[in-house]
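1. Here is my input, please return the structure:
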Amino acid sequence: MSGLVTRIHRLVWIALMAALISVGAFIAVPIGPVPITLQTLFVLLAGLLLGVRGGVLAVALYLAAGCLGLPVFAGGKAGVAVLLGPTGGFLLGFIPSAACCGLARHLRLRSYPLVLALCFAATALTLLPGMFRLMSVLNIGPEKALAAGVIPFLPGGLAKCLAAAAIYKFMTARKLLPL
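-> This is a model prediction of the structure:
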């Protein structure tokens, strides 16, 4: 493929992953100040499929769309105020999470356990800033923030990590990864 076609192909994948993260926000289970969504699955996949730079760009595009007023955040919310609210830490944690998963592509990892380990680390990179933001915004201690912002997300996080690593492994084995 020519250079221009390659760049367009990459931009389309970045936009697709940003759109999937947006769709994931609407698949939500409200459980408190922070809903359980499918966004994190698509954040993991953005990094795994697009690499560090592409994954971070997809998340940045998603966050920029929400900050500019598109209702792409959970519950159809939009605006910079969402980043300043209880879910802001989780949303900003998507950036290092995608970068962490992007290392699998950068290092050309093929081992399912290693990719899964990166997904677990990436999930922690989403949950920890989220927990600290909850502590700050809701003025609660670490125990309550852990109970509200981490523990309820662990079973789903495990399932999303297993799924993301499996999808990456499948796409890698069949040479279906984007450029």
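2. quick one: the strands in this protein?
-> Using DSSP state E, the strands of the chain run over residues 28-29, 36-37.
3. Give me whichever of those strands is most buried.
-> strand 36-37 (a mean of 21; mean count of other Cβ atoms under 10 Å). Heads up, the C-betas are built off the backbone N, CA and C, glycines and all.
4. for it, packing partners?
-> helix 3-26, strand 28-29 (3 or more Cβ pairs under 8 Å, 6 or more residues apart in numbering; DSSP states H and E).
5. Can you give me the end-to-end span of stretch 148-162?
-> Length of stretch 148-162, first residue to last, Cα to Cα, to the nearest Å: 23 Å.
6. ok, and what's touching it?
-> 31-34, 36, 38, 40-41, 44, 89-90, 116, 119-120, 122-123, 127-128, 130-131, 134, 138, 140 (Cβ atoms under 8 Å, 6 or more residues apart in numbering).
7. repeat that for 6 Å
-> 31-32, 34, 36, 40-41, 116, 119-120, 123, 127, 130-131, 134 (Cβ atoms under 6 Å, 6 or more residues apart in numbering).
8. same question, stretch 5-22
-> By Cβ under 6 Å, 6+ apart, the list of residues contacting stretch 5-22 reads 39, 42, 46, 50, 54, 57-58, 61-62, 72, 178-179.
9. Show me how far that stretch is from its chain's centre.
-> Averaging C-alpha positions (Cα atoms, centre = their mean, to the nearest Å) puts stretch 5-22 15 Å from its chain's average.
10. Repeat that for stretch 154-172.
-> Centre to centre, stretch against its chain (Cα atoms, centre = their mean), the figure for stretch 154-172 is 12 Å.
11. What mean pLDDT does it get?
-> Across stretch 154-172, pLDDT averages out at 97.
12. got the buried residues for that stretch?
-> 156-157, 160-161, 164-165, 167-169, 172 (16 or more other Cβ atoms under 10 Å).
13. mind checking the longest helix of this protein?
-> Across the chain, the longest stretch assigned as helix under DSSP state H is helix 39-67.
14. and it, what other elements does it pack with?
-> In terms of contacts (3 or more Cβ pairs under 6 Å, 6 or more residues apart in numbering; DSSP states H and E), helix 39-67 is packed against helix 3-26, helix 88-106, helix 112-138, helix 154-173.
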